[in-house]
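Asks: Here you go, sequence then predicted model.
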Amino acid sequence: MSSQTLRQDARVIGLVGLAHGVSHFYHLILASLFVWIKPAFGLSYSQLGLLMTVFFIISGVGQMLAGFVVDKVGATRVLFGGMATLGVAALVLAVAPGYGMLLLGSLLAGAGNSVFHPADYTLLNQRVSKERLAHGFSVHGISGNFGWAAAPAFMAGVATISTWRIALMCAAVVPFAVLLLLYANRAVLRTTPNIAPAPVAGKTQESSFAFLRLSTVWMCFGFFLLTAVALGGIQSFASVSLVSLYGISLASATSAYTVYMLASAAGMVAGGFVAARSTQHDRIIVISFMLAALMAVLLAMAVLPGWMVIPVMGAIGLASGVAGPSRDLLIRAAAPPNATGRVFGVVYSGLDAGLSIGPLLFGALMDAHHPAWVFLCIGLFQALAIATAVGVGGKRAGPVLKQA
């Protein structure tokens, strides 16, 4: 492979990873400011929660639709549109005079967020060499974690020294700046629409929705739904659950979550190398999530000394991270070659669905004073996800789908 191809692959991977990081950054721009927004408008916690629910519902539905648009017009223009929409959403939120405008801004942010997975994965599949694709998926996952990590520090930091409105205006600069960078590199990011093969005489062409009949698509959707419910529990209530179970300080519990995130990023790096050297991606996922589920159940049993909480949380993050690149390659193998945008759009809508369900479920468990059940259910959902990965791994992608 020439050095020119290596440079192009690295360039595409870096640009797509940066765009994905902005997407995840926007997942938390509102949640990071709740402590300021709540008194500013006299809102309840339910009203604040509804802002996040609107974001993820719109993003989930939008991902399904965005996949069709990506296949129709190509990924690059769709990605540019999503990035611009995020910036506009932040500006709407920054000038919101009341709750209604906050809901509108959250809706716009969800719409902007919806394009990234179908556009990103189509870009990676079309523009990155096959032997480096696993590493591309690895960087894509890591960048998302970095976006999650950066948002609270950035938003709260700016709001502390100025106002929450200024913080949102600063957040609007991020996607617009990245959009300029992407546009400057538009030549290397150019993709082609997924065009259906020419019709065969005497045969009826299938609908653009024919891919929805593939069981592998729905198994992949189920995998993301289940793992995202578990992730939503970890993100929202792992820290407070650990305080209740082990009597450790909130600072220590928060440190355990930070270690989880860092270990997850490290696992994605390692997972890229593992996936690149293996064709048994379902086995990698099974082993990784089985270890993660066992560690979660171990935490739920509250039999460990308090100092063990941090390394065990790290082990859960590491195991989950290792599975990431193999998961994306498994979905790629399950997708018909002329329907990648649609498949990734539908499959990744499971992520938004799970992230909207998880906090509600685990919040109810904490309200019922069952902190151990938080980690038991995290382990349960990770274990259930294993069955869907095995189901996908046992099947191959269907034939090239014909479009009407």
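Replies: In hand now; what should we look at? Numbers count the residues shown, from 1 in each chain.

Asks: drop to CA atoms for contacts and neighbour counts, all remaining ones
Replies: Noted.

Asks: Ser114 contacts Gly82, correct?
Replies: Yes - using C-alpha atoms under 8 Å, Ser114 makes contact with Gly82 at a distance of 7.4 Å.

Asks: So the two - more neighbours on which side?
Replies: Between Ser114 and Gly82, Ser114 has the larger neighbour count (other C-alpha atoms under 10 Å), namely 31 against 26.

Asks: dump the residue contacts of the more buried one.
Replies: Listed by C-alpha atoms under 8 Å, 6 or more residues apart in numbering, the contact set of Ser114 reads 58-63, 66, 82.

Asks: do you know how far it is from Met169?
Replies: Separation of Ser114 from Met169 (C-alpha to C-alpha, to the nearest Å): 21 Å.

Asks: Equivalent analysis for Gly82, please.
Replies: 18 Å.

Asks: same thing with Ile29?
Replies: Counting by C-alpha to C-alpha - Ile29 and Met169 are separated by 11 Å.

Asks: which one of the two has more residues nearby?
Replies: Legend: neighbour count by other C-alpha under 10 Å for Ile29 and Met169, higher for Ile29 (23 against 18).

Asks: residue ranges of the helices in the stretch 51-200 of the chain, please?
Replies: For the stretch 51-200 of the chain, the helices defined by DSSP state H, counting those that start in this stretch cover 75-94, 99-113, 116-127, 133-161, 164-184.

Asks: Those into JSON lines, with extra columns for distance to Val303 and mean pLDDT?
Replies: Below are these laid out as JSON lines (distance: least, C-alpha to C-alpha, whole Å; pLDDT from 0 to 100):
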{"stretch": "helix 75-94", "distance to Val303": "45", "mean pLDDT": "96"}
{"stretch": "helix 99-113", "distance to Val303": "41", "mean pLDDT": "96"}
{"stretch": "helix 116-127", "distance to Val303": "40", "mean pLDDT": "90"}
{"stretch": "helix 133-161", "distance to Val303": "30", "mean pLDDT": "88"}
{"stretch": "helix 164-184", "distance to Val303": "42", "mean pLDDT": "97"}
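
Asks: wait, which of those helices is closest to Ala256?
Replies: helix 133-161 (13.7 Å; C-alpha to C-alpha).

Asks: sorry, back to before: just so I know, which of the helices of the stretch 51-200 of the chain lies nearest Ala251?
Replies: Here helix 133-161 is closest among those (C-alpha to C-alpha), at 15.5 Å.

Asks: Please point out which parts of that closest one sit buried.
Replies: The neighbour-count check on helix 133-161 (16 or more other C-alpha atoms under 10 Å) flags 133-152, 154-156, 158-159 as buried.

Asks: Over to stretch 251-267?
Replies: Counting neighbours by 16+ other C-alpha under 10 Å, stretch 251-267 gives 252-267 as buried.

Asks: Those residues: which two are farthest apart?
Replies: Ser252 and Gly267 (22.0 Å).

Asks: before we move on, the earlier item: mind listing which of the buried residues of stretch 251-267 are in helices?
Replies: 252-267 (DSSP state H).

Asks: Out of those, which one has the lowest pLDDT?
Replies: Minimum pLDDT across those is recorded for Thr254, with 79.

Asks: quick one: low-confidence ranges for the chain?
Replies: The model of the chain has pLDDT under 70 over residues 1-4, 194-211, 334-340, 392-404.

Asks: centroid residue for it?
Replies: Leu351 (6.1 Å; C-alpha atoms, centre = their mean).

Asks: Which elements pack onto the host helix or strand of that one?
Replies: Using DSSP states H and E, Leu351 falls within helix 340-367. The contact analysis (3 or more C-alpha pairs under 8 Å, 6 or more residues apart in numbering; DSSP states H and E) places helix 340-367 against helix 45-73, helix 116-127, helix 215-246, helix 371-393.

Asks: from these, which stretch is densest packed?
Replies: helix 116-127 (a mean of 24; mean count of other C-alpha atoms under 10 Å).

Asks: What lies in contact with it?
Replies: 9, 12-13, 16, 19-20, 23, 63, 66-67, 70, 74-76, 78-79, 82, 133, 136-137, 188-189, 191, 340-345, 348.

Asks: Repeat the analysis, applying 7 Å as the threshold.
Replies: Helix 116-127 has contacts (C-alpha atoms under 7 Å, 6 or more residues apart in numbering) with 16, 20, 66-67, 70, 75-76, 78-79, 136, 189, 191, 340-341, 344-345, 348.

Asks: Centre of the chain to that helix, how far?
Replies: 14 Å (C-alpha atoms, centre = their mean, to the nearest Å).

Asks: same question, stretch 286-293
Replies: 19 Å.

Asks: For it, which residues meet the burial criterion?
Replies: 286, 288-293.

Asks: List the buried residues in the helix holding Leu351.
Replies: Here helix 340-367 shows 340-360, 362-363, 365-366 as buried, counting by 16+ other C-alpha under 10 Å.

Asks: Relative to the whole chain's centre, how far out is stretch 89-104?
Replies: 24 Å.

Asks: So for it, what gets flagged as buried?
Replies: Going by 16+ other C-alpha under 10 Å, stretch 89-104 has these buried residues: 89-94, 96, 99, 102-104.

Asks: And for stretch 7-25?
Replies: 8-25.

Asks: check contacts around the spatially closest residue to Thr191 that is not a sequence neighbour.
Replies: Once flanking residues are discounted, Thr191 sits nearest to Gly74: 5.5 Å by C-alpha to C-alpha, 6 or more residues apart in numbering. The neighbourhood of Gly74, defined by C-alpha under 7 Å, 6+ apart, consists of 191-193.

Asks: Now the buried members of these.
Replies: By 16+ other C-alpha under 10 Å, the contacts of Gly74 give 191, 193 as buried.

Asks: Can you add distance to Ser215 and give the contacts of Gly74 back as a markdown table?
Replies: Below are the contacts of Gly74 laid out as a markdown table (distance: C-alpha to C-alpha, whole Å):
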| residue | distance to Ser215 |
| --- | --- |
| Thr191 | 28 |
| Thr192 | 27 |
| Pro193 | 24 |
